[in-house]
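# give the three-dimensional model of this entry:
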Amino acid sequence: MNSETFAEFEARARAQGFNDVLVREWAPGRVVGTHTHPFDVSALVVRGEVVLTCHGEGRALRAGQPFELPRDTPHDERYGPEGATFWVARKN
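The predicted model follows:
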């Protein structure tokens, strides 16, 4: 499990050139169909679970696991029975 605080996550992300750093909460069982973002993402799952599918491969991510997603990458998201909370850094 990652012991980093949100303040530490934010400071590290800003030092790496990320513009926005925020907390995102997702409802249990939510499905977000295929979409893209116009920014790079570096995130840490801090609660719950999400299955992130990119290029036909699904990856289950649980609390304590980081992930990155380059801008304009098609992906979909399926949230587990607890939903999920991410700390998200965005680079425009």
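# can you point out the buried residues in the longest strand along the chain?
When the chain is parsed with DSSP state E, its longest strand is strand 75-91. Buried residues in strand 75-91, defined by neighbour count with 16 or more other Cβ atoms under 10 Å: 75, 77-80, 83-90. Every residue, glycine included, has its C-beta placed from N, CA and C.
# between these, which sits nearest Asp20?
Using Cβ to Cβ, Arg90 comes nearest to Asp20 of these, at 4.3 Å.
# residues touching the residue located most distally from the centre of the chain, list them.
Centroid-distance maximum for the chain: Ala15 at 18.4 Å, with Cα atoms, centre = their mean. Residues in contact with Ala15 (Cβ atoms under 8 Å, 6 or more residues apart in numbering): none are found.
# for it, give me phi and psi.
phi -60, psi -30 (degrees, to the nearest 10).
# closest to Leu22 out of the buried residues of strand 75-91?
For the buried residues of strand 75-91, the nearest to Leu22 is Val88 (5.6 Å; Cβ to Cβ).
# for the closest one, list each beta-bridge partner.
Leu22, Ala43 (DSSP bridges).
# mind checking pLDDT for it?
Per-residue confidence (pLDDT) for Val88: 98.
# right, and it touches Val23 too?
Yes. With contacts counted by Cβ atoms under 8 Å, Val88 reaches Val23, the gap being 7.5 Å.
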